[in-house]
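Visitor: how would this look folded up:
(2 chains)
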There are 2 protein chains.
Amino acid sequence: MPRRPTLEFWYEFASTYSYLTAMRIDGMAEAAGVEVRWRPFLIGPIFASQGWNSSPFNLFPAKGRNMWRDVEREAARQGLPALKRPDPFPQNSLSATRAATYGMDYDWLVPFSKAVYETEFSKGESIAEPQAVVQILNALGLDGTVILKAAASEGNKGRLRVNGEEARSRGIFGAPTFLTGDGELFWGNDRLEQALAWAIGDRPGAMR
Amino acid sequence: MPRRPTLEFWYEFASTYSYLTAMRIDGMAEAAGVEVRWRPFLIGPIFASQGWNSSPFNLFPAKGRNMWRDVEREAARQGLPALKRPDPFPQNSLSATRAATYGMDYDWLVPFSKAVYETEFSKGESIAEPQAVVQILNALGLDGTVILKAAASEGNKGRLRVNGEEARSRGIFGAPTFLTGDGELFWGNDRLEQALAWAIGDRPGAMR
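Guide: Residues are numbered from 1 along each chain as shown, chains lettered A, B, ... in the order given. As a prediction, this is how the structure comes out:
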């Protein structure tokens, strides 16, 4: 039996467009027959290496105004609840990303990741404090305190760092990013359809 | 009889994604029953005001690598010829934009604009020199020399400047940008479908 095609979904918890993808990728991948690997990472260090000390949506105000309006519209198109903006934006995503990195070995990674996004952008609540992450984990029937402690171990922090290096070395410069099994990179929620098509071998123009 | 809905298409000749839009907007707008107003402008002064002295695709190399690959893929999806990169990129678009600004009062604006893009991104040839623009106009059966002289008049240069101010004041920060009759802004070739839907009153979630 042929192996099921896979697609890596690299996401950053502070990212509004990663949120839009997180809420729609499972259904679409299922329909396309593609298996998704959820890859949490931190975009901050990559932005910093480009000389950005905050989100480009804060650094470039006209771009930021458009982003909020655009995400409102796209959330409505996806049938998501009205977008609520967390304050401050972007949220510090370190605790949540540490927990998600630890969760890569567990089947709660996906429901946890979606719950973080819903807290942040459907409810507009903070995800920055470790206690907020503990509560999200607890609400999933997990032991948030134990998980957060494990997530703060040197081993897990190293894994998070290594994942960030992997992101950079594979050409990632923003979130969300999709990487196919043969290394093709697609950037942005707008490219989910194309990434899935590529993963199953549907490549217009038969390039390469 | 109700007035036909209109959509403004703001485009920059140096912009790869404006090229993708230029080659598909007419057919899609026709199908949607929307009238398109082609609005040539220069993005350079707006980028400069954000502190960028070149294209962000040059300033941020990983972003640039992805852009070229993405535009190749999207061109194939649209059934366009294999993309050729002009050297240098971005091309100096001043002469072509002056001519297009002058052309806003003439019915050759749209075929001229498409011919500029084809020269630049289908053939990979320069559009920077006034003589290149003259040749494109001549090939359309126009008198390129006369038009370029008129396009260099103080009146037309003033119009180009005013259009740039209008772009900035209406929130434009990149190209292509779509503006609906009620002032809704959509940025990027990826938003053409949404902009057309908005123009004809198809607004998911009934926002506002």
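Visitor: make it CA atoms for all contacts and neighbour counts henceforth
Guide: Noted.
Visitor: and the helix or strand of chain A with the lowest mean pLDDT, which residues are buried?
Guide: Least confident element among the helices and strands of chain A, by mean pLDDT, DSSP states H and E: helix A:56-59 (a mean of 87). With burial defined by 16 or more other CA atoms under 10 Å in any protein chain shown, the residues of helix A:56-59 counted as buried are residue A:57.
Visitor: again with stretch A:92-104
Guide: Neighbour counts using 16+ other CA under 10 Å place A:92, A:93, A:94, A:95, A:96, A:97, A:98, A:99, A:100, A:101, A:102, A:103 of stretch A:92-104 among the buried residues.
Visitor: Quick one: classify residue A:10 as helix, strand or coil.
Guide: In the three-state summary, residue A:10 is assigned as strand, counting by DSSP: H, G, I helix; E, B strand; the rest coil.
Visitor: For it, which non-adjacent residue is spatially closest?
Guide: The shortest distance from residue A:10 to any residue other than its chain neighbours is 4.5 Å, reached at residue A:39 (CA to CA, 6 or more residues apart in numbering or on different chains).
Visitor: In terms of secondary structure, what does the helix or strand containing the one you found contact?
Guide: Element membership for residue A:39 (DSSP states H and E) is strand A:35-40. Counting contacts by 3 or more CA pairs under 8 Å, 6 or more residues apart in numbering or on different chains; DSSP states H and E, strand A:35-40 is packed against strand A:6-11, helix A:25-32, helix A:94-103.
Visitor: ok, residues contacting whatever helix or strand comes next after that strand?
Guide: As assigned by DSSP H and E, the chain's next helix or strand after strand A:35-40 is helix A:44-49. Counting by CA atoms under 8 Å, 6 or more residues apart in numbering or on different chains, the neighbours of helix A:44-49 from elsewhere in the structure are A:53, A:54, A:55, A:168, A:173.
Visitor: rerun at 10 Å
Guide: Surrounding helix A:44-49, the residues in contact under the criterion CA atoms under 10 Å, 6 or more residues apart in numbering or on different chains are A:12, A:14, A:50-56, A:92-94, A:161, A:164-165, A:167-168, A:172-174, B:60.
Visitor: okay, and for chain A, where does confidence drop off?
Guide: When residues are selected by pLDDT under 70, those of chain A lie in A:1-2, A:205-208.
Visitor: Would you check how far apart residue A:127 and residue B:63 are?
Guide: The gap separating residue A:127 from residue B:63 is 28 Å, by CA to CA, to the nearest Å.
Visitor: what about stretch A:141-161, distance to the chain center?
Guide: The chain centroid and the centroid of stretch A:141-161 are separated by 18 Å under CA atoms, centre = their mean, to the nearest Å.
Visitor: now do stretch A:146-165
Guide: 17 Å.
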